Structures are given as C-alpha cells and as structure tokens.
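Novice: take a look and give me a structure for this.
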Amino acid sequence: MSNPSHEYSERLEKFATAVAARERQHILAGNTKVGVVLAGLGFAWMSLEKAWFSTYWLALPLCVYAALAVLHEYILRARTRAETAAEFYRKGLARIEDRWAGTGQTGDRFREEAHVYAEDLDLFGRGGLFELLSTARTGCAPLRRERPSSSARS
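Specialist: Alright, predicted model coming up:
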C-alpha cells in the first residue's frame, strides 16, 4: 500500500510544476499581446497615415489579439486550477503531519457559549474538529442567524 504522505508529496510536486509552467505561459502570452498591440499601432500608422496598404489589414492584428486573449484566459484558468490543487495537497500534507492546527477556519461563529458541553467537545476554535474537517472555501457569508430573543417572539 502506498504511503499517503508520499503520494500527496508527489501530487503536490506535480501541481507546483504545473503552476510554474502556467506562470511562464502567462507571462509569454501577456508579452505577446503587448507585441501585437504595438504591431497593430504600426499597421494603423502605415495604413492610415502613409496609405501603404488597405485599412482592411488592420483586422489581422485585431483577430490575433482576440485569439491571444482567449488563449491567455485559458492559461490563467489552468494556472488557478493548478494553484488550487497544489494548495489542497499542501493542506493535506499538513493534516497528515499534524501541522494543521491554526491554519483553517475555526468555526467560532457556530459556537454557543451557553451550551453545557461547548468547551468539552472541542468542536470549534483553534485546533478543534471543525478546523480539521472543514475544507470548504466558498467565501460566502455565515449561514447561522441569530435566534430571536424571547421578547421578540411575543
């Protein structure tokens, strides 16, 4: 049977390599887009100012730029996916090696201080079960709403 730590390390390395490759592609695509814009300005000057060729040729740099913009977006999304996967395996390794405490969401917004066993169960707070198990990173607002007080119900 494979060692989970070893497997996670290999996958982390794979995705970290993918992130580096996508970063290089991102820089290359961005620089190429700048080059196409400069070439388009040169074409515009040669076409409009000097009348060396038809203005229809200005569609060429526009089409090339549009294709590069689509490709660049694809590269950025691929880099984001690789970064997300690398972070997943990085956090997985931290859980395997018991370095997870204090790195996640503590779930304090769900804690009820009035509950009899609130502190004994160690569900919420730094190093609690919620922090260990919660891997959701949606960024949405807390789901828990305050209960109406007894005076508000009457």
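
Novice: next SSE after the biggest helix by length in the chain?
Specialist: When secondary structure is assigned using DSSP state H, the longest helix within the chain turns out to be helix 4-44. Proceeding N to C from helix 4-44, the next assigned helix or strand is helix 59-96, under DSSP states H and E.

Novice: please identify the buried residues of that next one?
Specialist: Applying a neighbour-count criterion of 16 or more other CB atoms under 10 Å, the buried positions in helix 59-96 are 61, 64-65, 68, 72, 75, 78-79, 82-83, 85-86, 88-89, 91-93, 95. C-beta coordinates here come from the backbone N, C-alpha and C atoms, glycine included.

Novice: next: stretch 15-25.
Specialist: Under the neighbour-count criterion of 16+ other CB under 10 Å, stretch 15-25 has 15, 16, 18, 19, 22, 25 buried.

Novice: one more: stretch 42-57?
Specialist: Under the neighbour-count criterion of 16+ other CB under 10 Å, stretch 42-57 has 43, 47 buried.

Novice: got a list of contacts for it?
Specialist: The contact list for stretch 42-57, computed with CB atoms under 8 Å, 6 or more residues apart in numbering, reads 58, 60, 61.

Novice: I'd like those laid out as CSV, including pLDDT.
Specialist: Rendered in CSV, the data for those read as follows (pLDDT from 0 to 100):
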residue, pLDDT
58, 91
60, 94
61, 95
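
Novice: distance to residue 40 and pLDDT added to the buried residues of stretch 15-25, as CSV?
Specialist: Formatted as CSV, the entries for the buried residues of stretch 15-25 read as follows, by distance: CB to CB, whole Å; pLDDT from 0 to 100:
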residue, distance to residue 40, pLDDT
15, 36, 96
16, 36, 97
18, 32, 97
19, 31, 97
22, 26, 98
25, 22, 98
